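# Sequence and predicted model, in that order:
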Amino acid sequence: MDKQLITKVRKKILELHSVQGKENRDEIRNNIYLEMKPFMQKTVTSVLHRKGIYISDEEILSIAWDCFEYCMSNYRHKKKIPIPVHFYKYSFFYITNELKKERQINKKHEIISFEDLSTAEIGFDDDTYEELEELKSFRSTLPTNYVTVFDDAFMSLSPHNKDKINRMAETSLTNVRYQESKKIFKIIIRFLITR
């Protein structure tokens, strides 16, 4: 960030702390984010690359917003902490923390494969069994590399798992290909279940 941008952002942050009303505060916060968005995206990309994680631009944008909100909520405007330093360090901390949480959740929850669902004692009605059979049939047509991605997509639709299921290491796909395939499979699964 250049000095001019840093000064501009600092003024807006000070303005944010002096303004009343949620609408006004949200507008100022959003304007600050628009100013800082390129910096936040570079920061997220840098932190993730240091950890050997490569994701799509859309996911970087999403994480950049989460980091920005976290940094803003922890920014002490009365202290003279340089804005780039604060936002980089707190983004690094936020991402590291989220990755740790994700690993802990994956360790705690045994990942159930899609094949296990037919033998699980779940109280489904007849229509649900038909939908599961269609999903199973679709799954059987997939190349081996994509079966794991399909299972992960299916399990991540559960409100308890969200997007926490990730077994990319079990495939030979790149991270971007894995994430894009997972998104597409989620759309297909939702379609087959809800039509």
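All right, it came through fine. Quick caveat: nothing in here was measured; it's all calculated off a predicted structure. Numbering: from 1, shown residues only.
# For the helix or strand of the chain with the lowest mean pLDDT, enumerate the helices and strands it packs against.
Averaged element by element with mean pLDDT, DSSP states H and E, the chain has its least confident helix or strand at helix 126-140 (a mean of 73). Other helices and strands packing on helix 126-140, by 3 or more Cβ pairs under 8 Å, 6 or more residues apart in numbering; DSSP states H and E, are helix 144-156, helix 175-194. All C-beta spots, glycine's among them, are computed from the backbone N, C-alpha and C.
# The ones you listed into CSV, with extra columns for mean pLDDT?
Output for these, formatted as CSV (pLDDT from 0 to 100):
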stretch, mean pLDDT
helix 144-156, 83
helix 175-194, 84
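# Among these, which comes closest to Leu14?
helix 175-194 (38.4 Å; Cβ to Cβ).
# which regions of this structure sit below the pLDDT cut-off?
For the chain, the stretches flagged by pLDDT under 70 are 104-129, 158-166, 195.
# now the angle between helix 175-194 and the longest helix along the chain, please.
Using DSSP state H to define each element, the chain has its longest helix at helix 22-50. Between the axis of helix 22-50 and that of helix 175-194 there is an angle of 130 degrees, by axes from the mean of the first three to the mean of the last three Cα atoms, to 10 degrees.
# After helix 22-50, heading C-terminal, what element do we hit next?
helix 57-73 (DSSP states H and E).
# Correct me if wrong: Ile60 contacts Thr43.
No. The pair Ile60 and Thr43 does not pass the contact test of Cβ atoms under 8 Å, sitting 9.8 Å apart.
# of the two, who's got more company?
More neighbours sit around Thr43 than around the other of Ile60 and Thr43, counting by other Cβ atoms under 10 Å; the figures are 25 against 18.
# Any figure for the gap between the nearest residue to the more buried one once chain neighbours are set aside and Gln179?
Excluding its sequence neighbours, the residue lying closest to Thr43 (Cβ to Cβ, 6 or more residues apart in numbering) is Ser91, at 4.9 Å. Using Cβ to Cβ, to the nearest Å, we find Ser91 at a distance of 20 Å from Gln179.
# For these two, work out which one has more neighbours and name it.
Using other Cβ under 10 Å as the criterion, Ser91 and Gln179 rank with Ser91 on top: 23 against 20.
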